[in-house]
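Enquirer: Model the following, please.
(chains A, B, C and D)
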Protein chains: 2
Amino acid sequence: MFFGEYSYRVDDKGRVPLPPKFRRELKLGMILTKGMEKCVTVYPAAEFKRLSESLAAKAVTPASLRKLTRSIFGSAFSASFDGQGRIVLPHALREYAQIGDTAVVVGANNSVELWSEDEWKAEKVSADEQAAKIIESFGE
Amino acid sequence: MFFGEYSYRVDDKGRVPLPPKFRRELKLGMILTKGMEKCVTVYPAAEFKRLSESLAAKAVTPASLRKLTRSIFGSAFSASFDGQGRIVLPHALREYAQIGDTAVVVGANNSVELWSEDEWKAEKVSADEQAAKIIESFGE
DNA sequence: GGAGTTGTGGGGAGAAATGGGGAAAAGGGG
DNA sequence: CCCCTTTTCCCCATTTCTCCCCACAACTCC
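Expert: The predicted structure is shown next:
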């Protein structure tokens, strides 16, 4: 289970540390993909496998399955830690999420997300609003 | 069950004691999150797990689930006591609740809340008014 | 009044964040 | 096919921060 919000510097070589608390769950390997929103999503390798299998099982037509496969696997990169607990952020993903020299690392239960500071600021507001709505609706 | 109101000093390292009476219930671990109001909410680890699972079960669309997950898990931090019964207040949460060098610790049944002095003063008035209304309505 | 508990502060060992060097590998052009 | 350039990966170094321990004064409870 991943949670918490951390801010890290991305150095000239594109390296980003992940929080020590996240490392044990990712030590066995991880997959980086384009997130649904403008972020990079990091899955533990086992979680990614489980996820991609369950998606493949649901996408029935051959055409949609091919597209799904391309979308998911085409933007997926494997990553692992260096001696200091950092991973290298692939150019394509870094550009997609518009991450400059600072990355915000967000725990999201069974995955980890990497955001640019600006995008995260905006998303946080939107996420909090959505959450408040859902929680309020419990009273009904 | 937590109740009562206590005031503590937050030292230079961001440490805050919790009342001795609260410690046994939190000894097995606790989760700090942004409260719905401008405060920090502390859940016993087990309570947080139960809560997050019940939320995940209710939020139907994938998009709203992602946002809810970000809002809940993104602002959650685990904490534990040092030898003197203190916890460290993460920067992000301290800033959110605008807690300076004094924190008001409030028992709230199944959770604990941390407030800045000013925000608590205002909330207390508002909470008392609301409580009076609700209690009055019981007679109807 | 005394012993234990609690609030508050600080120091130090170890971990973590950050930066850089250099060897090995990959890629491209002649 | 070879050589040169570029990138990747691993290791080392330094500063910062975190966590754990100790200390002490105030207070509580017996």
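
Enquirer: what about the strands in chain A?
Expert: A:5-9, A:15-17, A:30-34, A:40-44, A:77-79, A:86-88, A:102-108, A:111-116 (DSSP state E).

Enquirer: tell me which residues in the fifth one are buried?
Expert: What it means is strand A:77-79. Buried residues in strand A:77-79, counting neighbours by 16 or more other CB atoms under 10 Å in any protein chain shown, are found at A:77, A:79. All C-beta spots, glycine's among them, are computed from the backbone N, C-alpha and C.

Enquirer: now stretch A:106-126
Expert: A:106-109, A:111-116, A:119-120, A:123-124.

Enquirer: Helix or strand with the lowest mean pLDDT in chain A?
Expert: When the helices and strands of chain A are scored by mean pLDDT, DSSP states H and E, helix A:62-74 comes last with a mean of 84.

Enquirer: The residue lying closest to residue A:42 once chain neighbours are set aside and residue A:21: what is the separation?
Expert: Nearest residue to residue A:42, sequence neighbours excluded (CB to CB, 6 or more residues apart in numbering or on different chains): residue A:112, at 4.1 Å. Taking CB to CB, to the nearest Å as the measure, residue A:112 falls 11 Å from residue A:21.

Enquirer: Identify the residues contacting the residue of chain A found nearest DNA strand C.
Expert: Across chain A, no residue is closer to DNA strand C than residue A:20, which sits at 3.3 Å (CB to the nearest atom of the strand). Residue A:20 is in contact with residue A:85, counting by CB atoms under 8 Å, 6 or more residues apart in numbering or on different chains.

Enquirer: Let's see the pLDDT reported for it.
Expert: pLDDT recorded at residue A:20 is 97.

Enquirer: do residue A:107 as well
Expert: Note for residue A:107: predicted pLDDT of 97.

Enquirer: Kindly confirm whether my reading is correct that it touches residue A:18.
Expert: No: the criterion here is CB atoms under 8 Å, and residue A:107 misses it with residue A:18 at 9.9 Å.

Enquirer: could you give me the average pLDDT of the lengthiest helix in chain A?
Expert: For chain A, the helix with the greatest residue count under DSSP state H is helix A:117-136. The pLDDT scores in helix A:117-136 average 94.
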